[in-house]
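> Got a predicted model here, sequence first, then my questions.
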Amino acid sequence: MAIDTTGSVTSPKGFTAGATYAGMKSYGEGKLDIGIVLSERMCSAAATFTKNRLHSASVDINRAHLADRQAQAIVCNAAIANASTGSRGITDGRTMADLVGAKYGVNASDVLVCSTGVIGEYLPMDKIAAGIEGIVVEAAGGPAFARSIMTTDTRAKHASLRVGDYTLGGCAKGSGMIHPNMATMLAFMATDAAVEAGFLQEVLSRAVDRSFNLVSVDGDTSPSDTAILLANGAAGGDVVDAEHALAGEFEAAVTELSIYLAKEIARDGEGATKVIEATVTGAASDREARELVRLLTTSYLLKSAVHGADPNWGRVVAVVGRSTVQVSEPGVRVAICGHEVFADQRPTSFDPAVVAAAMQSTEVQIAVDLGVGSGEATGWGCDLTAEYVSINADYHT
C-alpha cells in the first residue's frame, strides 16, 4: 500500500469538509481555526482518548456521543483547548455540536467535537457560531480542514491510501505537548468501506498503540488527545468485520496511515530538525519494549546529542540502565544509524566521525537489543533545540 501525501480525510467517497478563520488564532487573519468534516450518511465510529485525568470537555462529550458507536460529523477548533473550563466547557462544546447538527440536519449526538490550544480559556461562542455558519464543506476540503486544526504546527499533516476497493484518508495535528497515552495531538481518519463498529474500534485501538502511542516530542500528555475513525460504507460492498477476507489488509492500512501521521508529528515537533526512530528488540515483552522506546524518545540528553550529531552512546545505555525493563547486561547491544557502538558490555571499535556524519541526516535511528526475549517495538521522537524553548516560553503570551 502506497501513501498518497496529497490525499486527505475527504479522499474517501461521501466525505466533505471545510474550514474558516473565526478569529481565535492570534497570528493573523487567513489562518484557519475552525473546521468541519461531514459524511453524506451515518458512519460506524471508533475513537481513543487521552488518559490524562484532567481531560478536556470534548473528551467527555465525545464519549457520550459515541455510546452508540456511530457519528456523522466532526467539528474542531484550534487556539483554545476548552480544557479545565468546568461546566461551561461542557455547555460550550455541546453548543458546537448543536450548531453543526442544525446546519446540516444531523442529530447533535452524532456530531463529534474537538478543541485544541491553550488550556483554561473559554471558547468565544460568538466567533464559534459565526465560523460554523460561514463554513462551506466540499469534497476537496480535506486539506483546509487539516490546516484549521493546527496550533504551533508548521505544516498540515494529511494523506490517504487504497485498501482493496476502498479508500482510507486522514489528517493529524501535533507539534508540542506530544506524548499520547490514550489511546496537544488530534487525529481524524475516514474510510468509504462499511466496517462493523466493534471491529472498527479494535482496529483503531491496535493501530493507535503501534503509532500515536509511540510518538513523543516532549513527554507531556495533552488533556485533549483524541483519535477518531469513521466508516461510512459509501463505496458499497459487504460489511468488513474480523472474519472478512479484507480484515487483515484493512487493519494494516489503518496502522500504516497512523504510523505515517505519527511520524509527521515527530518530524514537525516544535523546533525540531531531526526525527529520532527508536527500535527496541530482544525485550522480555512487547510492553517492556514499548516502555523503553518511550524513555529513549523523551530523554533530553539523548535528544540533545541527536541534535548535535554526537554519537554519545552512553546516553542510550544510561536510559536502558535507569529503566525498569528486564535486561541481560552482557547481551545489550546499541546501534546508531546502523553502526553498532556498544556490545558485550563495552564500546565497539566504531569510527565516531563516521557515525557523527550519519547523524547529520534528518532521520536518526537508535536501535537497542536487550538480549532477553522476543519483545519489540518502534517509536518516534525528535531532537531538542533552543527553538523548542523559545516557542514554549512565548506560547501563552
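Structure's in. What do you need?
> quick one: buried residues of the longest helix seen in the chain?
Ranked by residue count under DSSP state H, the longest helix found in the chain is helix 247-267. Neighbour-count burial for helix 247-267, counted by 16 or more other Cβ atoms under 10 Å, picks out 247, 250-251, 253-267. All C-beta spots, glycine's among them, are computed from the backbone N, C-alpha and C.
> Which other helices and strands does the following helix or strand past that helix contact?
Later in the chain than helix 247-267, the nearest helix or strand by DSSP states H and E is strand 275-283. In this structure, strand 275-283 makes packing contacts with helix 247-267, helix 286-296, helix 300-307, strand 363-369, strand 375-382, judged by 3 or more Cβ pairs under 8 Å, 6 or more residues apart in numbering; DSSP states H and E.
> quick one, what contacts L214?
Each residue near L214 by Cβ atoms under 8 Å, 6 or more residues apart in numbering is listed here: 262, 290, 293-294, 377-380.
> nearest to S26, of the residues you listed?
Distance ranking of these against S26, using Cβ to Cβ, places A262 first at 28.0 Å.
> Which parts of the stretch 101-250 of the chain are strands?
Here the stretch 101-250 of the chain has its strands, by DSSP state E, counting those that start in this stretch, at 111-118, 157-163, 166-173, 186-191, 226-231.
> what's in contact with stretch 259-270?
Contacts for stretch 259-270 (Cβ under 8 Å, 6+ apart): 3, 152-155, 157, 159, 170-176, 178, 185, 187, 210-212, 214-218, 272, 275-276, 362, 380-382, 387-388, 391-392.
> State the three-state secondary structure for V75.
strand (DSSP: H, G, I helix; E, B strand; the rest coil).
> Quick check, it in contact with I34.
Yes. When contacts are counted by Cβ atoms under 8 Å, V75 is listed as touching I34 (7.3 Å).
> list residues touching both of those two?
I132.
> For the two, indicate the residue with more neighbours.
Taking other Cβ atoms under 10 Å, V75 and I34 do not tie; I34 has more neighbours (29 against 26).
> Provide a list of residues in contact with the more buried one.
19-22, 24, 75-78, 128, 131-132, 135, 148.
> One more: A102?
A108.
> so how far is G170 from it?
27 Å (Cβ to Cβ, to the nearest Å).
> Could you count how many residues lie near the closest residue in space to Y388 that isn't next to it in sequence?
Among residues not flanking Y388 along the chain, G271 sits closest, at 3.7 Å (Cβ to Cβ, 6 or more residues apart in numbering). Using other Cβ under 10 Å, G271 is surrounded by 21 other residues.
> Need the per-residue pLDDT for G271.
Here the pLDDT value assigned to G271 is 76.
> repeat for M96
98.
> go on, the one 3 residues further on?
Per-residue confidence for L99 comes out at a pLDDT of 98.
> what angle do the helix or strand it falls within and strand 111-118 make?
Here L99, judged by DSSP H and E, is contained in helix 86-104. When axes from the mean of the first three to the mean of the last three Cα atoms, to 10 degrees is applied, the directions of helix 86-104 and strand 111-118 differ by 130 degrees.
> any low-confidence regions in the stretch 201-350 of the chain?
Scanning the stretch 201-350 of the chain with the threshold set as pLDDT under 70 gives 218-221.
> Could you do the stretch 51-200 of the chain as well?
176-184.
> returning to what we had before: for ChimeraX, what selects the buried ones among the contacts of stretch 259-270?
To isolate the buried ones among the contacts of stretch 259-270 in ChimeraX, judged by 16+ other Cβ under 10 Å, type:
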select :152,153,157,159,170,171,172,173,174,175,176,178,185,187,210,211,212,214,215,216,217,218,272,275,276,380,381,382,388,392
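> quick revisit: roughly how far out does the helix holding L99 sit from the chain middle?
The chain centre lies 24 Å from the centre of helix 86-104; the measure is Cα atoms, centre = their mean, to the nearest Å.
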